[in-house]
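Trainee: next input, structure requested:
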Amino acid sequence: MATTRSAHTVWEGGLLNGGGIATFDSSGIADQPVSWPSRAEQADGKTSPEELIAAAHSSCFAMALTHGLEGAGTAPTRLTVSADVTFQPGEGITGIHLTVEGTVSGIDEDAFVAAAQDAKANCPVSRALSGTTITLSAKLI
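Mentor: Below is the predicted model:
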């Protein structure tokens, strides 16, 4: 069964002096303020499209890697995943770097890295962002 998740943003004012509120319609989590300075300069307590992409990518990747490891009979005890999305004003998103550290019994470093590479290539968010360079660092802890 397909699912659809929705959010919306109301923006007021110009790009440099205005701002918006991103509302997460599907989950009802707290509204988040957004602004150009929070995107291109300091976050200052506000989010940005890139931070939201980073949250989506890190959580999707964690699910994909968990699924792959479980399928191989080596379910992880813990995965810590971060996503760093780089935004360059005037160019856009120039890259995404995923970092994962995992505690997984019954697997060696090479197999873990291979599973992480597979998850990077196949998680739905990675596929949606395929026009962007995505790099990965993976290690067992």
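Trainee: tell me the bridge partners for the nearest residue to T77 once chain neighbours are set aside.
Mentor: Counting by Cβ to Cβ, 6 or more residues apart in numbering, T103 is the residue found nearest to T77 once chain neighbours are left out, at 4.3 Å. (Glycine included, C-beta is placed from N, CA and C.) Partner residues in beta bridges with T103, using DSSP bridges, are R78.
Trainee: got the contact list for T103?
Mentor: For T103, the contacting residues are P76, T77, R78, L79, L140, I141, taking Cβ atoms under 8 Å, 6 or more residues apart in numbering as the criterion.
Trainee: three-state assignment of the closest residue to S6 other than its chain neighbours?
Mentor: Excluding the flanking residues, the one nearest S6 by Cβ to Cβ, 6+ apart is D25, at 4.2 Å. Three-state assignment for D25 (DSSP: H, G, I helix; E, B strand; the rest coil): coil.
Trainee: ok, T94 next?
Mentor: Per three-state DSSP, the secondary structure class of T94 is strand.
Trainee: which residue is nearest the middle of the protein?
Mentor: With distances taken as Cα atoms, centre = their mean, the chain has H57 as the residue nearest its mean C-alpha position (2.3 Å).
Trainee: for that one, give me the pLDDT.
Mentor: Predicted confidence (pLDDT) at H57: the value is 98.
Trainee: P124 is in contact with that one, correct?
Mentor: No. Taking Cβ atoms under 8 Å as the definition, H57 is not a contact partner of P124, at 10.0 Å.
Trainee: who are the neighbours in contact with L129?
Mentor: For L129, the contacting residues are I53, H57, I96, taking Cβ under 8 Å, 6+ apart as the criterion.
Trainee: and for G45, nearest residue in space, chain neighbours not counted?
Mentor: Counting by Cβ to Cβ, 6+ apart, P33 is the residue found nearest to G45 once chain neighbours are left out, at 7.5 Å.
Trainee: tell me what the strand or helix carrying that neighbour is packed against?
Mentor: Element membership for P33 (DSSP states H and E) is strand 32-34. With contacts taken as 3 or more Cβ pairs under 8 Å, 6 or more residues apart in numbering; DSSP states H and E, strand 32-34 sits against strand 19-23.
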